[in-house]
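J.: sequence and predicted structure below; questions after.
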Amino acid sequence: MSLPPEPADDLDAITRERRQLINLSYRLLGSLAEAEDVVQETYARWYTLPQEQRDAVTSPGGWLTTVAGRICLDLLGSARARRERYVGPWVPEPLPGRAEWVGGGTPADPADRVTLDESVTMAFLVVLESMTPAERVAFVLHDVFRYPFADVAEIVGRTPAACRQLASSARRRIRARRSPATTPEARRADVVRAFRRAWEAQDIDGLIGVLAPDATATGDGGGLVPAAVHPVEGAEPVARFFAERARAVPGIELLECPVNGQPGLVARKDAVTVSVLAFDIADDRIRHVWAVLNPRKLRPWTAD
C-alpha cells in the first residue's frame, strides 16, 4: 500500500491503526461485532509473523489494511449465505452517538472510534448491502477512504481497471437510491420528533402526515424477538402498524437520540433498550424506517 513508511517495531504506530481498521471494517460489514472480530484477527496475523517478516514490512498500516480488507471480503461472501437463513430482513447494526452510550461518560473502545459521517448513515449502509462484495470493498476503500485503485486491487485481487469499474458500478447504485432532496439536520430532528409524538399518541393521521406516500418500515428481530417478517409499505399501513404496536406494547418510553449520526429514536421498556429506529428523510417526509430489535445488535445501547 502506498502509505508513509513507519518502523515495524513501533507498537504505538501499530496500535494507532486500530481506529482506521474499525472504521473500515464497520463500513464494509455493517456490524460492529464483526468489525471487532476482523480487527482482532488482523492483529493476530500480524503478531504471528516472524520478526524478520514484520521488520521487512515498510508500511505496517498498509499491511494491516490489506489483511483486514481481505478478511472483510471473505466475510461478505459468506454473509450472503448466512443472511438467506436469517429470520426476516437483515438491517445493519445501529450505532449511538457519543453521549448516548449506556452508562454515560466516555464510550468503551472500540465503538467510540467509529467516525459518524455520511458513510455510516443507515440509508447509506443499506445501499451498500445491495452491492456485490467486490463492489462494496472497491467503493468503500476508494470513495470513502481514498485509497488509490492500485492499492484496492491488492485487496480485491483484480486489476486496477477492474476495481475502477467496480467502484463506478457501486456509485450508480448509490445515485439510484439517493434521496431526491435533502432535509437540513435540524428539520430532520423536527420530523422525527413529530413521528415520536404521533406514535406515542397512537395518532394515525399524525403519523401519515410525516410519512412519504411510499414510505416503508423494516424491522429486524433476527428471529429472537417478534418483528414483521416483511417490510411494511405505504404511509397508511406503516402508520397503522406503529399505532398498533403502541397499543400492543404499553409502557414503552421513546427517546430522541442520534442513530448512526442522524436523528433517530430509541424505544425502552423498564429501562431496557428494546428497539432502535433509524430514518431516511427527504422533502420533510420519512421515506424509510429501520427498526432494529435484535438484542444482539443492541449491545452499545444496553447495560450489561
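T.: That came in fine, so what should we check first?
J.: the residue of the chain most remote from its centre: which element?
T.: No residue in the chain sits farther from the centre than residue 52, which is 37.8 Å out by C-alpha atoms, centre = their mean. Element membership for residue 52 (DSSP states H and E) is helix 51-56.
J.: how about that helix: buried residues?
T.: residue 54 (16 or more other C-beta atoms under 10 Å). Yep, even glycine has a C-beta here, placed from its N, CA and C like the rest.
J.: what mean pLDDT does it have?
T.: Helix 51-56 carries an average pLDDT of 93.
J.: list the helices and strands it packs on?
T.: Helix 51-56 sits against no helix or strand, with contacts defined as 3 or more C-beta pairs under 8 Å, 6 or more residues apart in numbering; DSSP states H and E.
J.: which stretches of the stretch 201-304 of the chain form strands?
T.: 211-220, 232-233, 253-259, 262-269, 272-282, 285-292 (DSSP state E, counting those that start in this stretch).
J.: ok now stretch 197-211, how far from the chain's centre?
T.: Stretch 197-211 sits 27 Å away from the centroid of its parent chain (C-alpha atoms, centre = their mean, to the nearest Å).
J.: ignore the last one, stretch 129-144
T.: Here stretch 129-144 is found 14 Å from its chain centre; the criterion is C-alpha atoms, centre = their mean.
J.: again with stretch 170-182
T.: Between the centre of stretch 170-182 and the centre of its chain there are 17 Å (C-alpha atoms, centre = their mean).
J.: what do you get for stretch 271-281?
T.: Averaging C-alpha positions (C-alpha atoms, centre = their mean) puts stretch 271-281 13 Å from its chain's average.
J.: ok, residue 224 - contacts?
T.: The contact partners of residue 224, taken as C-beta atoms under 8 Å, 6 or more residues apart in numbering, are 294, 295, 296.
J.: next, work out how far apart the closest residue to the first one other than its chain neighbours and residue 46 are.
T.: If I follow you right, that is residue 294. The shortest distance from residue 294 to any non-neighbouring residue, by C-beta to C-beta, 6 or more residues apart in numbering, is to residue 222 (3.5 Å). According to C-beta to C-beta, to the nearest Å, residue 222 and residue 46 sit 33 Å apart.
J.: picking up where we left off before, using PDB, write out the CA atom coordinates for the helix holding residue 52.
T.: Extracted C-alpha coordinates of helix 51-56, given in PDB (Å, rounded to 0.1, in the frame of the first residue of the first chain):
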ATOM      1  CA  GLN A  51      10.000 -10.900  13.400                       C
ATOM      2  CA  GLU A  52      12.100 -10.700  10.300                       C
ATOM      3  CA  GLN A  53       9.000 -10.600   8.200                       C
ATOM      4  CA  ARG A  54       7.500  -7.800  10.300                       C
ATOM      5  CA  ASP A  55      10.800  -5.900  10.000                       C
ATOM      6  CA  ALA A  56      10.600  -6.200   6.200                       C
END
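J.: for the closest residue to residue 196 other than its chain neighbours, give the beta-bridge partners.
T.: Spatially, and ignoring its direct neighbours in sequence, residue 196 is nearest to residue 254 (5.0 Å; C-beta to C-beta, 6+ apart). Taking DSSP bridges, one finds residue 267 as the beta-bridge partners of residue 254.
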